[in-house]
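**Q** For reference, the sequence and a predicted model appear below.
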Amino acid sequence: MTIIDNHPTARRAGVRAAVRHALTAVCAAAAVVSLAACGASSQGSGKADTDTIRIAYLSTANYLTTIKDEGFVKSTMEPYKAEFSGPFNPPDDAYKVILAGKADTSSTGTGYFINLVDQKAPWVAYAIEYYDGDSQGLVAAPGSGVASLKDLYGKRVGIDKKGATGDYILKAAFEHAGLDYSKVEEVELSQTDFAAAFSSGKIDALATYDQNLASAIATPGAKLITTGKDYDSKNVTLHMVSRKFATAHPEIVKKLYQALVKESDKAQKDPEFIYDAYKKFGASDSIVKQVRKFDVPEILPVDAKGRKMLDDIAQQYVDFGFIKTKPNLDDYVLDCTK
């Protein structure tokens, strides 16, 4: 259920410009507060200037999306409130809403979060939505003749964008298999163009995740080549909040984290509501049937273990050449168990 990363139509220049603009505003703020743990408000008195966290939820199923209609959220969040807006396309449209100051939190993939940290973007991770990686992978297109990773040499593989989840899937799979990633031609596509490109022969394979992966697998004549479970993917879903909100109201973020944990616990017992969310967003029966086979995610804190997970994927991003140096995550994480 990565939103991503997972969970996007990338308009990189515009997003980076918005990030730079927002970062400038954040850096101008006078308050400097440690984000090592969810604690008291930076206001000192504990009284926040708002009691509401605004959630930009996405048009794919993750726990920030599925808690939207859950009655327990109100009691879990008391004395605070959660306000939902969306659904937005993951993740770029949600980013824009937050950068515009109209929402406070949304979701992405752990890998793309590392990209954002590398750009010194104003985000803080407060929850990891972990799964075993079977909902991301590479699928050969019908009629491509591709039956293995090595068959992709000289072929065209669709991805979302450079440095994002699709790029990570391709690089991680090839690295694990000891193959040369540079011998594949990557084709950056909008997610809305994935299905047409996949079925028309424009690409020979697709590196993708979540509902798009399910759709590709369900395409007649397609062949699943590998999944993140095979190559030990470190790229999972991550829930992040704007630095401004995290600094001013860590106690509200902690309450939202607790609501996510409740949703996760519920899903471990009966995940049917997850599949209902896919149906609400228009997934066909064949896609939902495939999604049912995916691992059910659980919410983990960004504690020492969670921080290690982010450090590990940050090192992978350096090794893969996506970023130049491993960023320091100290100011980009909140441990909501403290």
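**A** Sure, I can see it.
**Q** Below-threshold pLDDT in this protein: ranges please.
**A** Low-confidence segments of the chain (pLDDT under 70): 1-49.
**Q** Mind naming the longest helix for it?
**A** In terms of residue count, the longest helix belonging to the chain (DSSP state H) is helix 250-269.
**Q** can you give me the offset of it from its chain's centre?
**A** Chain-centre distance of helix 250-269: 17 Å, with C-alpha atoms, centre = their mean, to the nearest Å.
**Q** Please list the outside residues in contact with stretch 143-162.
**A** Applying C-beta atoms under 8 Å, 6 or more residues apart in numbering, the set of residues contacting stretch 143-162 from outside is 5, 8, 10, 12, 138, 140, 166-167, 169-170, 173-174, 177, 179-180, 183-189, 191, 194, 197-198, 201-208, 221, 223, 225-226, 322. Any C-beta I mention is one placed from the backbone N, CA and C, and that applies to glycine too.
**Q** let's see 7 Å
**A** Stretch 143-162 has contacts (C-beta atoms under 7 Å, 6 or more residues apart in numbering) with 8, 10, 12, 140, 166-167, 170, 173-174, 177, 179, 183-189, 191, 194, 197-198, 201, 203-207, 221, 223, 225-226.
**Q** Show me what counts as buried in stretch 211-220.
**A** Gln211, Asn212, Leu213, Ala214, Ser215, Ala216, Ile217, Ala218, Thr219 (16 or more other C-beta atoms under 10 Å).
**Q** Surely the third one is within a helix?
**A** Yes. Leu213: assigned to a helix according to DSSP: H, G, I helix; E, B strand; the rest coil.
**Q** Tell me if I'm right that it and Gly137 touch.
**A** Yes. Taking C-beta atoms under 7 Å as the definition, Leu213 is a contact partner of Gly137 at 5.9 Å.
**Q** so what's Ala259 up against?
**A** Ile67, Val73, Thr76, Met77.
**Q** quick one: which of those is nearest Val296?
**A** When these are compared for distance to Val296 (C-beta to C-beta), Ile67 wins out at 15.2 Å.
**Q** just to revisit the earlier point, mind listing which of the contacts of stretch 143-162 are in helices?
**A** Using DSSP H, the contacts of stretch 143-162 in helices are Arg12, Gly166, Asp167, Leu170, Ala173, Phe174, Ala177, Phe194, Ala197, Phe198.
**Q** wait, the second one sits on Thr208?
**A** Yes. Counting by C-beta under 7 Å, a contact exists between Gly166 and Thr208, whose distance comes to 5.6 Å.
**Q** Which neighbours do the two have in common?
**A** Both Gly166 and Thr208 lack any common contact, where contact means C-beta under 7 Å, 6+ apart.
**Q** Tell me, how many residues neighbour Cys147?
**A** Quick fix: residue 147 reads Ala, not Cys. 10 (other C-beta atoms under 10 Å).
**Q** Which of the residues in the longest helix of the chain are classified as buried?
**A** Using 16+ other C-beta under 10 Å as the test for burial, helix 250-269 gives 250-264, 266-267.
**Q** now stretch 276-287
**A** Buried residues in stretch 276-287, counted by 16+ other C-beta under 10 Å: Ala277, Tyr278, Ala283, Ile287.
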